[in-house]
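>>> Have a look at this prediction, sequence included:
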Amino acid sequence: MELYEFESKRIFMSKGIPVPRGVVIERIEDVNKVTLKPPLMVKAQIPIASRGRLGGIVKVKSLDELKHVVSRLLNTVIGGLKVRKLLIEEAVDIAREYYLSLTIDRVKRKPVILASSEGGVDIEEVARREPWKIIKHYIDPIIGLRDYELRRIAFKIGLRDSSLIREFMSIARAMYNIFTEFECELVESNPLVLTVNGRFVAVDAKIIVDDNALFRHRELELLRRECREYTELELKAREHGFTYVELDGEIGIIGNGAGLTMATMDLVKYYGGNPANFLDIGGGARAEVVKEAVKILLLNPKVKGILVNILGGITRADEVARGVIEALNEVNVRKPIIVRLKGTREEEGRRILSKVGIPLYEDMDEAAKRVVELVKGEGSGARS
Amino acid sequence: MELYEFESKRIFMSKGIPVPRGVVIERIEDVNKVTLKPPLMVKAQIPIASRGRLGGIVKVKSLDELKHVVSRLLNTVIGGLKVRKLLIEEAVDIAREYYLSLTIDRVKRKPVILASSEGGVDIEEVARREPWKIIKHYIDPIIGLRDYELRRIAFKIGLRDSSLIREFMSIARAMYNIFTEFECELVESNPLVLTVNGRFVAVDAKIIVDDNALFRHRELELLRRECREYTELELKAREHGFTYVELDGEIGIIGNGAGLTMATMDLVKYYGGNPANFLDIGGGARAEVVKEAVKILLLNPKVKGILVNILGGITRADEVARGVIEALNEVNVRKPIIVRLKGTREEEGRRILSKVGIPLYEDMDEAAKRVVELVKGEGSGARS
Amino acid sequence: MTILVDKNTRVLVQGITGREGSFHTKMMLEYGTKVIAGVTPGKGGLRVHGVPVYDSVEEALAKHPEINTSIIFVPAPYASDAVYEAIDAGIKLIVVITEHIPVHDAMKFINYARMKGSIIIGPNTPGIISPGEAKVGIMPAHMFTKGPIGVISRSGTLTYEIAYALTKAGFGQSTCVGIGGDPIVGLDFIEVAEMFRSDSETKALVLIGEIGGNLEEVFADYVLKKGYDKPIVAFIAGKTAPPGKRMGHAGAIISMGTGTAQSKIEALTSAGIPVAEKPSDIPKLLARVMKG
Amino acid sequence: MTILVDKNTRVLVQGITGREGSFHTKMMLEYGTKVIAGVTPGKGGLRVHGVPVYDSVEEALAKHPEINTSIIFVPAPYASDAVYEAIDAGIKLIVVITEHIPVHDAMKFINYARMKGSIIIGPNTPGIISPGEAKVGIMPAHMFTKGPIGVISRSGTLTYEIAYALTKAGFGQSTCVGIGGDPIVGLDFIEVAEMFRSDSETKALVLIGEIGGNLEEVFADYVLKKGYDKPIVAFIAGKTAPPGKRMGHAGAIISMGTGTAQSKIEALTSAGIPVAEKPSDIPKLLARVMKG
């Protein structure tokens, strides 16, 4: 889960990392209470990397201009997401923009610090064109981060002044502590600004926490309730314990296991269809979960036909079959449904589905071909 | 530094470890404010293992009796230490006394948990007679303590009830967290009582923190100001950066390095004297430190003669000589002083001391023999 | 010969009394896997499908020192503790079935295992099967059959799908290793491929990857640089999948354009590894490369 | 032959620009020790007594890959960081002169060093000297002379005292190792004695112990059980010293009556190791055991 910028900055602040003075507003009226000193930055609180380019970050010179910009930005939609909150901050006099982040390197299986004296919006360009300008330092996750490592990084990004090195080290240490304490996938500041007064300020802050670790972080889990990068249906899916991501196509896909579900989507595409979603019911799903999954697709008007592809190991075919039927009973919408089931209690599943006239497919290719045909109106035979 | 029991219990409490309800009082009048429910335990706050045997722990059945006992105990001296504070606690209904502690094992170079279902005052007797009743578990200081280890310990001390095991594990985990967070040499609860209601309560709590780590623990360092196990002179010595412990003899000893200082004391004893103290000026001491060290011994009326034994490596003989002379100039007390100096700038030291008529000894044995003779009145020749 | 598990594998099941642990203990026993003991703290003394249960790994190993492999079904919040217990007890192969283990936990125990000389498979793996020898996992056994193909996969059910396709086409498997679907796993493609390299029974490899991370690209690079003397075919799932979560600039800097199906397919192809368009094409491809 | 340090020792001085670091760099150079480089962060580019200073150990080793030993003069709050830096740079012998290092720090870096294959001497050690070959420490060199006696000591100045007595009596030393006076040290008596065991130049050992802990008792037990084919004499300081701080019941349970001078002297004597009554008796004792 990616935190909002203002949430990340609150955590930064609580760990002693300097951030610009700022307030969050949710209503246009609140703009009158702003006592910050212009020039100000108005920043839409949406988790989109390109929000700057999309007009989600605006600099204003006066409080009058602020009102104007706030009323323009608040509650509009940027990059598909509604702007519900704005972070308003005092602008910082920039001497130089640094980049600093902690994340996990999958190949090394270790935390990695990335640091550069060439921070800012073009950092990825720097990484491509002048990779040596980005310091990559791996951390031993068992012994943890030692000061000498931070000092070395400070030297390598060209810091020489000893009080500035100390300040950099203490910010990097604090970011590392956030990274481990909150079990983050990412802690990033870009830019980490060196001001003309010779202080470091985290002008942007980004924290992504590991959803799997939220059970240990009640304070973060509360934030989760809020609408974030997920649509309403996606959130509903999470509640039922499956993973659902909406796409642009017309063929609804249900699979078990991310790999198989993706392979099923790819196959639908291969045979000329377009997947409407990714929906993975996970391992060992019960009828109840299957029912909710099928219902979501039945109720989505963009979905013209549904392909269920389940390869049972832990997942039992009879539970899947029952789930499909319960969904059809509960929702009064009819669409072509193709079911491919293999594995544990396959026969029982076949028996249950045959009662309502849904044939079972043995072969994944045939099932995919068939659902594409049906949606394109070139065939018939499935229940509709 | 050993914390007072009530300080240790406050830390225990802050980490969620149950302790008996209690208050600390420093004045007899405060006894009237006590709202605890008798029977109560009155516990003298002095860091002495035998305080129970010495009458420092008294059980009272009523508030009247409490007043009586408080006025009897407060400001008396137990085991040589003045009782300035009393901890008054509600007595606990004991079903069983356990023992639980964390300390550092020098040989294994690892933290060790000691646990036993036979806790209480006789725990050391148990260790001697039935060592198998004490579970000793070493902790990897790098990876830290894992839950499975605590669970295994819980099983080994005979806990079977799963909620009791969970409670034990959470107390042991909290004690381990105290041990690492405050960098303790010891965290101990004896007894850790299982009450008749089936709950664990830390009826006694002992924390010893590492003096060398106090610079990282401001909150603990503040406690240090208070008079503890050290005498006033011992505290003064600590301020000057040397180690001083008073003993019963009549010959004051100053050395550099604990080993050499102890060997010097042993030698004095060997030649028939009795050391009045252990005083180690440490490595590389300047004249100022030597001066303060000599002054402490000059001012101590029990000291009849002084032996300074310095083997210079880092420590410079001229600095030592200067320190001795400055002490003699500042304090108007004369006692026999024997100085044995070897090493860096030995000649310069000899020259400085010869000016005031203090001869330098080359040999440690001779120096020790001589100081004993002088104190016993059998010789003469040193400045007195 | 096979890799990782074989007839000498002696299995401990951690979390044996849970729903999944118990069910798959039965399945493994039915397959002929030597499941020696199980652990569930507080359930010591029970038996699950005839397998004795102990309170701790230490106890289980004291009674059954022949145990050399552990399979872990312990729920995510407690799984890493179970892994540490297995590592500290000296078990050299630990198969972590559990999904949703916090990634910082996994990172730590995987590094710790490496330090102590234990191999971790997973987390979030279907396990390992050497058909006809041993199954230490949750895969439906009837889809697998003995033969010369080594399979390495990041996926679960997709592995079964492909193994079944192989089986139907007459390509039995030496060992199928699910390396796990989580971002951080104990063994990667290269490490498993190195094991298959020296396994005389394995004549060709099937690699099943998916979008995200760059283990596939790193593997392609390894094959390109170090060479591999057995034919390899691959399949990558996720050509039509939604783009993964963006991990800030850091993610982009580290991945450097890798992670998409296209990047993986290109990397593998450049390394001379043909990539199947769909799972059902794999046997055909395999027939071709094994002939060639 | 000697142990730990010899003519091939190439020394890095961490904390070289400090008062002690700089002074003892000079002393070591004067003794003939090959001090190759120094480190003080932020002081890179300086020279101390002709020795080049670098900002980090990594840099120093990049320029001087022959460095194989580090001596640490960094103040206690930063010392453990310096030790980690040396370990991670792959330096295999690290002599930690610094005193007052927090014991939890020392415990961690000593365990870490062990994991990474580095040897820590100290903390709170006077260092190591192999007379005539190299001195990596702060001892006054003129008190030591080359010869057949190995010295292992927990003490600083008392070691000089005894080495001087040995020297005067004609007993030169192969190597003198100050294992350090802190509760937790990198090498104990047994480990150093094992090194001396296979050092052909060393004909006898002098062990200098003191009250506290039970390293001496454990050593006595080791000699008793495993035997030692070279004569050993010992001295224990602290017969008249005040009893050490009582570490709760835990301390008593662990020490089990050990830790006093009496207990140590008894243990050593029982193991056939004569214990000198005073430092000046050691040469006599040594002469006796080496003849016998």
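On my side now, so go ahead. This is a predicted model, so every value here is computed, not measured.
>>> what are the phi and psi values for the residue of chain A found nearest chain C?
Nearest residue of chain A to chain C: residue A:259, at 2.7 Å (C-beta to the nearest C-beta). (C-beta placed from N, C-alpha, C; glycine too.) Dihedral pair for residue A:259: phi -60, psi -50, per degrees, to the nearest 10.
>>> Now do the SS call for the spatially closest residue to it that is not a sequence neighbour.
Distances taken as C-beta to C-beta, 6 or more residues apart in numbering or on different chains put residue C:155 closest to residue A:259, at 2.7 Å, once the chain neighbours are dropped. Taken by DSSP: H, G, I helix; E, B strand; the rest coil, the conformation at residue C:155 corresponds to coil.
>>> count of neighbours near residue C:155?
Neighbourhood size, residue C:155 [other C-beta atoms under 10 Å in any protein chain shown]: 27.
>>> What of residue A:41?
By the measure other C-beta under 10 Å, the count of residues near residue A:41 is 19.
>>> That one bridge partners, please.
residue A:59, residue A:89 (DSSP bridges).
>>> quick one: contacts for it?
A:20, A:57-60, A:87-91 (C-beta atoms under 8 Å, 6 or more residues apart in numbering or on different chains).
>>> And the pLDDT for it?
We have a pLDDT of 96 for residue A:41.
>>> go on, residue A:262?
At residue A:262, the pLDDT recorded in the model is 95.
>>> same for the helix or strand hosting it, what does it pack against?
Per DSSP states H and E, residue A:262 falls inside helix A:258-270. Applying 3 or more C-beta pairs under 8 Å, 6 or more residues apart in numbering or on different chains; DSSP states H and E, one finds that helix A:258-270 contacts strand A:251-255, strand A:277-280, strand A:305-311, helix A:364-375, helix C:157-168, strand C:204-210, strand C:232-237.
>>> buried residues in it?
A:258-270 (16 or more other C-beta atoms under 10 Å in any protein chain shown).
>>> Dump the C-alpha coordinates for it into CSV.
C-alpha atoms of helix A:258-270 as CSV (Å, rounded to 0.1, in the frame of the first residue of the first chain):
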residue,chain,number,x,y,z
ALA,A,258,-1.6,-15.7,-10.5
GLY,A,259,0.5,-17.5,-13.1
LEU,A,260,-2.4,-19.6,-14.4
THR,A,261,-4.8,-16.7,-14.4
MET,A,262,-2.4,-14.6,-16.4
ALA,A,263,-1.7,-17.4,-18.8
THR,A,264,-5.5,-17.7,-19.3
MET,A,265,-5.8,-14.0,-20.1
ASP,A,266,-2.9,-14.3,-22.5
LEU,A,267,-4.6,-17.3,-24.2
VAL,A,268,-7.9,-15.4,-24.6
LYS,A,269,-5.9,-12.6,-26.2
TYR,A,270,-4.1,-15.2,-28.4
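>>> Just the residues contacting it, thanks.
By C-beta under 8 Å, 6+ apart, helix A:258-270 touches A:243, A:249, A:251, A:253-255, A:274-275, A:278-280, A:307, A:309, A:311, A:364-365, A:368, A:371-372, C:153-159, C:161, C:181, C:208, C:210-211, C:235, C:237-241, C:277-279.
>>> hang on, the earlier thing: just put the helices and strands packed on helix A:258-270 in a markdown table and tack on mean pLDDT.
Converted to a markdown table, these look like this (pLDDT from 0 to 100):
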| stretch | mean pLDDT |
| --- | --- |
| strand A:251-255 | 96 |
| strand A:277-280 | 93 |
| strand A:305-311 | 94 |
| helix A:364-375 | 95 |
| helix C:157-168 | 95 |
| strand C:204-210 | 97 |
| strand C:232-237 | 98 |
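>>> tally of neighbours for the residue of the stretch 1-150 of chain C found nearest chain B?
Relative to chain B, the nearest point of the stretch 1-150 of chain C is residue C:85 (4.0 Å; C-beta to the nearest C-beta). Per other C-beta under 10 Å, the neighbour tally for residue C:85 reads 27.
>>> got the residues of chain A near chain D?
A:143, A:146-148, A:151-152, A:155, A:162, A:165 (C-beta under 8 Å from any C-beta of the partner chain).
>>> How about the stretch 51-200 of chain C?
residue C:115.
>>> Can you show me the helices along the stretch 51-200 of chain C?
For the stretch 51-200 of chain C, the helices defined by DSSP state H, counting those that start in this stretch occupy C:57-63, C:76-88, C:103-116, C:157-168, C:189-197.
>>> JSON lines please, covering these and showing distance to chain A.
Below are those laid out as JSON lines (distance: least, C-beta to the nearest C-beta, whole Å):
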{"stretch": "helix C:57-63", "distance to chain A": "20"}
{"stretch": "helix C:76-88", "distance to chain A": "6"}
{"stretch": "helix C:103-116", "distance to chain A": "5"}
{"stretch": "helix C:157-168", "distance to chain A": "3"}
{"stretch": "helix C:189-197", "distance to chain A": "9"}
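>>> ranking the contacts of residue A:41 by neighbours, who comes first?
Most neighbours among the contacts of residue A:41, by other C-beta under 10 Å: residue A:88, with 23 neighbours.
>>> what ranges do the strands span in the stretch 1-150 of chain A?
In the stretch 1-150 of chain A, the segments counted as strands under DSSP state E, counting those that start in this stretch are A:22-25, A:40-44, A:57-60, A:77-78, A:81-82, A:86-90, A:94-105, A:110-116, A:134-138.
>>> for the ones you listed, which one sits closest to residue C:248?
Among the strands of the stretch 1-150 of chain A, strand A:94-105 comes nearest to residue C:248, with 6.4 Å by C-beta to C-beta.
>>> got the buried residues for the closest one?
Within strand A:94-105, judged by 16+ other C-beta under 10 Å, the buried ones are A:96-105.
>>> Tell me the residue of chain C that sits nearest chain D?
Closest point on chain C to chain D, by C-beta to the nearest C-beta, is residue C:115, at 6.8 Å.
>>> actually chain A, not the one I wrote
The minimum distance from chain A to chain D, using C-beta to the nearest C-beta, falls at residue A:148 (4.0 Å).
>>> Chain neighbours aside, what residue packs nearest to that residue?
Using C-beta to C-beta, 6+ apart, the nearest residue to residue A:148 is residue D:85, at 4.0 Å.
>>> Restrict stretch C:99-119 to CA atoms and write it as CSV.
Provided in CSV are the C-alpha atoms of stretch C:99-119 (Å, rounded to 0.1, in the frame of the first residue of the first chain):
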residue,chain,number,x,y,z
GLU,C,99,1.9,-17.4,1.3
HIS,C,100,1.6,-13.8,2.4
ILE,C,101,4.7,-13.9,4.5
PRO,C,102,5.9,-10.3,5.1
VAL,C,103,8.8,-9.6,2.7
HIS,C,104,11.1,-8.3,5.4
ASP,C,105,10.6,-11.6,7.3
ALA,C,106,11.4,-13.6,4.2
MET,C,107,14.5,-11.5,3.4
LYS,C,108,15.8,-12.1,6.9
PHE,C,109,15.3,-15.8,7.1
ILE,C,110,16.6,-16.4,3.6
ASN,C,111,19.8,-14.5,4.4
TYR,C,112,20.0,-16.3,7.7
ALA,C,113,19.5,-19.7,6.1
ARG,C,114,22.3,-19.0,3.6
MET,C,115,24.6,-18.1,6.5
LYS,C,116,23.8,-21.4,8.2
GLY,C,117,24.0,-23.5,5.1
SER,C,118,20.3,-24.3,4.7
ILE,C,119,18.3,-24.1,1.4
